[in-house]
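Asks: Sharing a model that was predicted from the sequence below.
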Amino acid sequence: MKVSRMIAIILSIAVLSSLVACNNGTVPSSSTASSSSSKSVPTSDNIFDNGPTVKFVIASSASSTSLTYEKMKLMAENIKTASKGKILVDVVWDGILGGDRELMEGCIAGNISAVSMASSSQLTFVPEVAVFDMPMLFDSKEQSVEVFKALKTTFDTIYNKYGLELLSLSASSFREMTCNKNITKIEDFKGIKIRTIENKYHMQFWSNLGSLPTPLPFSELYIALQQGLVEAQENPITGIQASKLYEVQDYLIYTHHILFASTILMNKEFYDTLNNEYKAVIQKEVDSYIAWSMSSQEDVNADAITAMRTVIKTVEISNTLKAQMRKAAEPVYDSIRAEIGTEMVDKMLAAAQLANKIK
């Protein structure tokens, strides 16, 4: 782990150093941004004519073969255009700057300006995000959208506490299971060696179902499935398709077991060095990116399923099996309460119940 963290830091420094070299020392990171903020700030009328050039990275461990990556690249271009070339964003995906753990560490420390990642990978750093790991909680994406709206302000404050600015919090899809064995009843989960992320609540849920959760880096997953080191995995549909996991699995099972909560985070110290006009441009384009993601996800998922359909069988689970899976999820709620207290869990449950009534 120490070696991987060192590699991530070295790569991050290399990327940021190249940005500086390309622009004769314009602002690439929180430390240099701090020095520029002490200078007089131009008026809003000419802020992008005479203001400083700011460069930063948005890093992710996700695959750059996805449409989501292309849309984030477009977001970066829109930020550049709206700021008259004064805000330059480098989108660095594929885990080039490290896995999710290294990216979170780097963002909190200020070595990486911004990251795009699922909340489920942030548990070690932001314990309160455990409420997004409550399995079998949501019946639909629409319900989750209402819940996220209700809790956004609460999580703004929470992320600030850990040195992060929450630019976006969204729920675009669910995690689904793929397996080399069909799942039609609760007993079918027993003994299945399933790759999960390194998240104790996810692992507890699969253990409660009788499976054998095995955390592995996403970059190693395809080969692990191909070689039979694990026989199942769980990810959003677009991730399954983009990484071609369907090539080494027989069944795509619509478990809808855990919401895929996505975030875009920025190092708060770096964020605070930006003047309001710069912040506004960044936030506007992030909001547009998230709006596209939310509105297009159903079509994107459908396209992904169409691309996989000739290779992998799709399976809808029964209401009986869903109810049994919800029963297996209840002890996970208790574990989360024990870890972070009852307040956030109760807020999530209350918001989910309300959203279910008004959807």
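Replies: Great, that's in hand. Everything numeric in this text was worked out from a predicted model, so none of it was measured.

Asks: so where do the helices sit in this protein?
Replies: Secondary structure of the chain, counting by DSSP state H: helices at 2-22, 30-37, 47-50, 67-82, 100-109, 141-161, 200-208, 221-226, 237-242, 268-273, 276-308, 319-340, 342-358.

Asks: pLDDT on the fifth one, on average?
Replies: Pointing back at helix 100-109 there. Taken as a whole, helix 100-109 has a mean pLDDT of 96.

Asks: Identify each buried residue in that helix, please.
Replies: Within helix 100-109, the residues that qualify as buried are D100, R101, E102, L103, M104, E105, G106, C107, I108, counting by 16 or more other C-beta atoms under 10 Å. Quick note: C-beta positions are derived from backbone N, CA and C, even for glycine.

Asks: Let's see that helix as CSV, backbone CA atoms only.
Replies: Extracted C-alpha coordinates of helix 100-109, given in CSV (Å, rounded to 0.1, in the frame of the first residue of the first chain):
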residue,chain,number,x,y,z
ASP,A,100,-10.0,5.4,-4.9
ARG,A,101,-8.2,5.3,-1.5
GLU,A,102,-5.1,7.1,-3.0
LEU,A,103,-7.4,9.6,-4.7
MET,A,104,-9.2,10.5,-1.5
GLU,A,105,-6.0,10.8,0.4
GLY,A,106,-4.5,13.0,-2.3
CYS,A,107,-7.6,15.2,-2.5
ILE,A,108,-7.8,15.7,1.3
ALA,A,109,-4.1,16.5,1.4
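
Asks: how about the CA coordinates for stretch 326-335, as PDB?
Replies: What follows is stretch 326-335, C-alpha atoms only, in PDB (Å, rounded to 0.1, in the frame of the first residue of the first chain):
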ATOM      1  CA  ARG A 326     -34.200  -6.700   2.500                       C
ATOM      2  CA  LYS A 327     -34.300  -8.900   5.600                       C
ATOM      3  CA  ALA A 328     -30.600  -9.700   5.200                       C
ATOM      4  CA  ALA A 329     -29.900  -5.900   4.900                       C
ATOM      5  CA  GLU A 330     -31.400  -5.000   8.300                       C
ATOM      6  CA  PRO A 331     -28.400  -5.900  10.400                       C
ATOM      7  CA  VAL A 332     -26.300  -3.700   8.200                       C
ATOM      8  CA  TYR A 333     -28.500  -0.700   9.200                       C
ATOM      9  CA  ASP A 334     -27.800  -1.600  12.900                       C
ATOM     10  CA  SER A 335     -24.000  -1.700  12.200                       C
END
